[in-house]
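**Q** Okay, here's the prediction I keep looking at, along with the sequence it came from:
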Amino acid sequence: MKKSLTRRVSQNAREICLLAVIALIAVLVNVRSGGNFLAPKNISDMLVETSILAVLAMGMMSVIITGGIDLSVGSTMALAGMVGTTVLRDSMTELGQGLHPALVIALAIGVGMAAGLLNGFLVARLNVLPIIATLGTMNIYRGATYLLSGGKWMLQQNMTVDFMAVATGKAFLGVNNLIWIALAVFAINFYFLGYTRTGRRIYAVGNSKESAEVSGINTKAVTILAYVITGGLAGLAGILYVCKYAAAQGETATGYELSVIAACVLGGVSISGGLGKAHGAILGALLFGMLNNALPLLKISPFWQEAIRGLIILISIIVNALVSRRSAFKALERRVAA
Amino acid sequence: MTEQAHRSLQSERPFSAKRFFLQWEWMLAIIFIVVNMANASLSPNYLVFDSIMSAIQMFCDKAILVFPMMLVILLGDIDISVASIMALSAVSMGVSFNAGLPIGAAILVAILVGGACGLANGLLLIKFKELSSMVVTLVGQIVFRGIASIILQDQAAGGFPSWFQYLGWGYVGKIPFILLIVIAEAIVFGFVIHFTRFGRSVYAIGNNETAARYSGIKTKSVRLLAFVIMGLFSGVAAIFLASKMGSVRPSVAKGYEMDVIAMVVLGGVSNNGGKGRVMGVVIATFIVGLLRYGLGIVNVPSQTIMIIVGALLIIAVIIPNLKSSLSGFRMFKKIAGKGQ
């Protein structure tokens, strides 16, 4: 059955709204900054900055859709980045050759998936509430990162040139690799959550665990899978973060979990579960990244930036709530009319 | 009368020794004793009255936040903005004192600013039922600290009179003044949570908000009040923090919210709402605080302590779950047996 255009628009009202807000802000900021904001160089910088957050948001959204939350992603990023670079350093020869970057990235993803597996096991099998389980593992993974590093930093001299080139290189069309990676993750996630059986099951679990159970879905396995996805993408984000800044340390990505939750919420992923789209979440991450880039460009005092960022998030979630209220009302009207 | 209400809500049967000793608080008491024995055997300097008292003084500013946070978590909500509220309260107090207000008025400013922040959180929550407390207080966390940094930028405010230090550092006899405050607070909250109509409605909302609303509880007012109380006490905690530090900056108290939430949850308060008692929270606060202190004096790195506290939190939550899933299994077997 083909959906009519109006139906499509009304189903994506939230995302279209968000896109309009992003466009509006972009134009306004561009005018105020005398055309600097939409200069190709700045757009590229901004997207590179945002891509790591976007990768993380793509992961976080699956857990939030199941009705959970993962506070440990920042620590998982630090741990995966630290493990990856430590192994890389140990593999380095005197000539500066070492493990292939792809292997390092795979290793970091593996570490992240293991961390996610533990979270998922605690939540799904041992019935620990997500916020508590991941609050605990947040401390554990962060502590493990410190212990592994012994308080030392991994710096440029501990990484191979090939590895660092991942974050600075431009493989296709002169666009930075990080942007390609974020786009690839988005494309896979969009297809996975929207169009595969397993992806739809994640929504089913988030909407009503009991109904999902009754209709034959293995809710525990689905929940664990969601945490593993989040962990794996946090691992990927962690190694990319380390690669981009050419430094891994105990404090890497502290507080990132709250930025990514904010990005997801901006993108219309509901904390109570069952709602949220991949294209919404990536727009949320983009808006968040845009604010980080635009405020300094407008020469707003750094002391004002945090409060302004908070206020914009506040306004967006309130608008979001009102839009969803309205669309729920519309749906009700349609049903009454039918 | 209240006793009766208490019983009917908990659907308790006549007293049973087995059930009495299976309570979570006993488990916590055992952990508490084990922690203290371990600490004492690791370091001969541990069990010295004065040093324990000074250790308790160190974590008491967090302990002030634990009881109102318990109220919020009992409702099934969460408040992750408390550390930012503390920062804003402390900064407002410092700035208004430096602007020439007497210190008493500055203290009042801190408490009122805290209350106002709590009110803002609470109003947003009850006006927009689509928003969860996690989201609202996440925004609050960003905005409140943001306002603090607008007010004070990268400066510090302070120069409080010398008696003001007494609040954080002073002793009454051999007991720290701040500990007496926490004890008084625990008693008041114990009474309010367990023996008043307000306390009972908090449990009712935490168990089932819809049912509570239909049974005539003003659920919105109760939630609003809980967040305002949380804000007011964040202001109080900010005063003691300022007294301890001597000067205030917008960056004070970062990360406090996670420690406080961990203490409350370890105390057996369920994030699902409606479960937990003040006694458990008191013991859990002391467990976490003394564990940190004890491991600190035998030079366990703070990173290891982080891992231990995280693991303790998870294990503490798993144990009652195992127990309940086990009894659920038994009940299932019983029902299945009857069916045959």
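**A** Arrived safely, thanks for sending.
**Q** Okay, helices next: where are they in the stretch 51-200 of chain A?
**A** A:73-91, A:101-120, A:130-149, A:161-168, A:177-195, A:197-207 (DSSP state H, counting those that start in this stretch).
**Q** Which positions within the helix ranked longest in chain A qualify as buried?
**A** Secondary structure assigned by DSSP state H gives helix A:302-337 as the longest helix of chain A. Neighbour-count burial for helix A:302-337 flags A:303, A:305-310, A:312-314, A:316-318, A:320-321, A:323-324 (criterion: 16 or more other CB atoms under 10 Å in any protein chain shown). Quick note: C-beta positions are derived from backbone N, CA and C, even for glycine.
**Q** got any ranges where chain A has weak pLDDT?
**A** Applying pLDDT under 70 to chain A flags the ranges A:1-3, A:10, A:94-96, A:171, A:338.
**Q** what stretches of the stretch 1-150 of chain B score poorly on pLDDT?
**A** For the stretch 1-150 of chain B, the stretches with pLDDT under 70 are B:1-22.
**Q** can you list the residues of it near chain A?
**A** Contact residues (CB under 8 Å from any CB of the partner chain) of the stretch 1-150 of chain B with chain A: B:78, B:80, B:124, B:128, B:130-132, B:134-135, B:138-139, B:141-143, B:145-147, B:149-150.
**Q** I'd like to know which of the residues you listed are buried.
**A** In the residues of the stretch 1-150 of chain B next to chain A, the ones that pass as buried (16+ other CB under 10 Å) are B:78, B:80, B:124, B:128, B:130-132, B:134-135, B:138-139, B:141-143, B:145-147, B:149-150.
**Q** In helices, which of the residues you listed appear?
**A** Of these, the ones assigned to helices by DSSP H are B:124, B:134-135, B:138-139, B:141-143, B:145-147, B:149-150.
**Q** Find the centremost residue of the chain, please.
**A** Unless you meant another one, I'm taking chain A. Nearest to the geometric centre of chain A sits A:Ala57, at 1.6 Å (CA atoms, centre = their mean).
**Q** ah, I was thinking of chain B
**A** Chain B has B:Val66 as the residue nearest its centroid, 1.5 Å off, counting by CA atoms, centre = their mean.
**Q** and the next element down the chain from the helix or strand containing that one?
**A** Assigned by DSSP states H and E, B:Val66 belongs to helix B:49-74. Remark: after helix B:49-74, the chain's next helix or strand is helix B:82-98, criterion DSSP H and E.
**Q** between that next one and helix A:302-337, how many degrees?
**A** Computed by axes from the mean of the first three to the mean of the last three CA atoms, to 10 degrees, the angle separating helix B:82-98 from helix A:302-337 equals 130 degrees.
**Q** and B:Met258, how many neighbours?
**A** 14 (other CB atoms under 10 Å in any protein chain shown).
**Q** Same question for B:Lys174.
**A** B:Lys174: 8 surrounding residues under other CB under 10 Å.
**Q** wait, it sits on B:Asp50?
**A** Yes - with contact defined as CB atoms under 8 Å, B:Lys174 reaches B:Asp50; the gap is 7.3 Å.
**Q** Would you agree B:Gly273 falls within a helix?
**A** No - read with DSSP: H, G, I helix; E, B strand; the rest coil, B:Gly273 is coil and lies in no helix.
**Q** Please determine how far it is located from B:Leu108.
**A** 33 Å (CB to CB, to the nearest Å).
**Q** And those two? Which one has more around it.
**A** Of the pair B:Gly273 and B:Leu108, B:Gly273 is the one with more neighbours under other CB under 10 Å, namely 21 against 16.
**Q** That one reaches B:Ile205, doesn't it?
**A** Yes - counting by CB under 8 Å, B:Gly273 touches B:Ile205, with 7.2 Å between them.
**Q** shared neighbours of those two, which are they?
**A** B:Leu75, B:Gly76 (CB atoms under 8 Å, 6 or more residues apart in numbering or on different chains).
**Q** and the closest residue to B:Ile175 other than its chain neighbours, what does it touch?
**A** Distance criterion CB to CB, 6 or more residues apart in numbering or on different chains; nearest residue to B:Ile175, sequence neighbours excluded, is B:Met53 at 6.7 Å. Contacts of B:Met53 were listed using CB under 8 Å, 6+ apart, and they are B:Tyr171, B:Lys174, B:Ile175, B:Pro176, B:Leu179.
**Q** From chain A, how far off is B:Met53?
**A** Counting by CB to the nearest CB, to the nearest Å, the gap from B:Met53 to chain A is 27 Å.
**Q** Over to B:Met306?
**A** Separation of B:Met306 from chain A (CB to the nearest CB): 4 Å.
**Q** Roughly how far does that residue sit from A:Arg125?
**A** Distance of B:Met306 to A:Arg125, given as CB to CB: 24 Å.
**Q** Can you give me the neighbour number for whatever residue of the stretch 101-250 of chain A ends up closest to chain B?
**A** At 3.1 Å from chain B, A:Asn139 is the closest residue in the stretch 101-250 of chain A, using CB to the nearest CB. Neighbours of A:Asn139 under the rule other CB under 10 Å: 27.
**Q** Excluding sequence neighbours, find me the nearest residue to it.
**A** Nearest to A:Asn139 is B:Gly310, by CB to CB, 6+ apart, at 3.1 Å.
**Q** Run a quick neighbour tally on that neighbour.
**A** 23.
**Q** residues contacting it?
**A** Contacts of B:Gly310 (CB under 8 Å, 6+ apart): A:Leu135, A:Gly136, A:Thr137, A:Met138, A:Asn139, A:Ile140, A:Gly143.
**Q** Let me see the contact set for the second one.
**A** Put plainly, it is A:Gly136. For A:Gly136, the contacting residues are A:Leu122, B:Ala262, B:Gly310, B:Ala311, B:Leu313, B:Ile314, B:Val317, by CB under 8 Å, 6+ apart.
**Q** redo that, cut-off 7 Å
**A** Residues near A:Gly136 by CB atoms under 7 Å, 6 or more residues apart in numbering or on different chains: B:Gly310, B:Ala311, B:Leu313, B:Ile314.
**Q** quick one: it and A:Ser324, what's the gap?
**A** According to CB to CB, A:Gly136 and A:Ser324 sit 32 Å apart.
**Q** what's the answer for the fifth one, then?
**A** The gap separating A:Asn139 from A:Ser324 is 34 Å, by CB to CB.
**Q** wait, doesn't the residue nearest to the centre of chain A sit right on A:Cys264?
**A** Yes - using CB atoms under 7 Å, A:Ala57 is in contact with A:Cys264, at 5.5 Å.
**Q** deepest of the helices of the stretch 51-200 of chain A, which one?
**A** Highest mean neighbour count of the helices of the stretch 51-200 of chain A: helix A:73-91, a mean of 26 (counted as mean count of other CB atoms under 10 Å in any protein chain shown).
**Q** That helix: how far from the chain's middle?
**A** How far helix A:73-91 lies from its chain's middle: 18 Å, per CA atoms, centre = their mean, to the nearest Å.
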